[in-house]
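**Q** Have a look at this prediction, sequence included:
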Amino acid sequence: MKLAEYLKNGGDCCMAGFVLKNTLSDNGTVTRGICVEEDGWLKEVVETKGISKDTELDMESLVSMNMWGLRPEFMDLLEKGFVEFFENGGQGEFLIPTYIGELLEKKAIDVKVLKSNDTWYGMTYKEDGPAVRESIERLVKEGLYPEEF
């Protein structure tokens, strides 16, 4: 909702910054993009592996869960970056957060970080399934999610 409102009100690029402690699994470690921000603007996303609930990181840190708010014009930049990726011998995945990081370094875009205190329900491990299912059922009962998606 925040992303849509930001874009509707004339904002350009934005991302949802989730609170780290609200994105972790009870069943193992995860990888998260720790956001480096300044005055609400994204400066860098640092991919960090092996994070668990007992990791010595600031659990209030904001992380990227790849929820971006981007205008249609961004597709032109994305296409250009995709072509450059392959022209430079790109292997594996062309990752949007990595490319956005490159654009930030070049000062080609500004990205507003919109904090979310919501819980991120992820399926990193098969054991996460029952808890995610229960959480979604609760959100449906509370009227926050429709019964059918």
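**A** Now that the structure is in, tell me what you want to look at. Numbering: from 1, shown residues only.
**Q** Please report how far the nearest residue to Y125 once chain neighbours are set aside lies from K53.
**A** Excluding its sequence neighbours, the residue lying closest to Y125 (CB to CB, 6 or more residues apart in numbering) is N27, at 4.1 Å. Yep, even glycine has a C-beta here, placed from its N, CA and C like the rest. Distance of N27 to K53, given as CB to CB, to the nearest Å: 10 Å.
**Q** circling back to that earlier point, Provide the secondary structure category for the residue nearest to Y125.
**A** Here N27 is coil, with the state taken from DSSP: H, G, I helix; E, B strand; the rest coil.
**Q** What is the burial count for it?
**A** Close neighbours of N27, defined as other CB atoms under 10 Å, add up to 14.
**Q** can you check G33 too?
**A** Look at G33: counted by other CB under 10 Å, it has 23 neighbours.
**Q** Please report how far K115 lies from K49.
**A** Computed as CB to CB, the K115 to K49 distance reads 23 Å.
**Q** Neighbour count for the two, which is higher?
**A** Counted by other CB under 10 Å, K115 and K49 do not tie: K115 has more neighbours, with 14 against 8.
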